[in-house]
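>>> generate a structure from the sequence data that follows.
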Amino acid sequence: MSDYRDIFRKPETHNWFMAGHGFEHIRNFLLDIIKEATHEFYHSIRTEINRKQGFPENVVCSQCHTPNVLPCDADNKCCKYTKCSFHDIHKPHNCPSNNLCNEICKEIVDHHRF
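Numbers count the residues shown, from 1 in each chain. Next comes the predicted model:
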């Protein structure tokens, strides 16, 4: 037990603890920025879908998962092997909420860089 106490008293160990504490602060700061950017992106997508399809803003879907609306093709990183484990559980289908999730998926793919 005394071996651990000696390790904690070393200056190098103290520097590692301070670095870890700094990384936690940076993570929290970046997380706030990413959350804000993601919410703005989602609202811009919903506005675009509302303009194109006429969906009201209050229409939501809680029945779909990502594999349900993401098509299984060779361009997907998850589907390039012979057996697609991504779509084994959730088979691709159209969203029961007037294809809202499919439209959101299309908008994300259109805005996606790669």
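>>> what about S97, which SS state?
With DSSP: H, G, I helix; E, B strand; the rest coil as the basis, S97 sits in coil.
>>> where does it fall, phi/psi-wise?
Main-chain torsions, S97, degrees, to the nearest 10: phi -90, psi 60.
>>> pull the contacting residues for N102.
V69, N94, C95 (C-beta atoms under 8 Å, 6 or more residues apart in numbering). Every residue, glycine included, has its C-beta placed from N, CA and C.
>>> buried among those? Need that as a selection in PyMOL.
In PyMOL syntax, the buried subset of the contacts of N102 is picked out as below (16 or more other C-beta atoms under 10 Å):
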select buried, resi 69+95
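>>> which strands or helices does whatever helix or strand K35 lives in pack on?
Secondary structure from DSSP states H and E places K35 in helix 11-53. In terms of contacts (3 or more C-beta pairs under 8 Å, 6 or more residues apart in numbering; DSSP states H and E), helix 11-53 is packed against helix 100-111.
>>> mind listing what's buried along the helix it packs on?
L100, C101, N102, E103, I104, C105, K106, E107.
>>> again with stretch 59-74
C61, C64, P67, N68, V69, L70.
>>> just the local confidence number for the fifth one, please.
When you say that, I think you mean V69. Looking at V69, its pLDDT is 82.
>>> for it, give its distance to N28.
Distance of V69 to N28, computed by C-beta to C-beta, to the nearest Å: 31 Å.
>>> where does this protein dip in pLDDT?
Residues of the chain meeting the criterion pLDDT under 70: 1-2, 4, 73-83, 85-88, 90, 113-114.
>>> domains in it, by residue range?
1-57, 60-114 (automatic domain parsing).
>>> most tightly packed of those?
The highest mean neighbour count among the domains of the chain, using mean count of other C-beta atoms under 10 Å, belongs to domain 60-114: a mean of 13.
>>> let me see the backbone angles for S62.
Dihedral angles for S62 - degrees, to the nearest 10 - are phi -120, psi 20.
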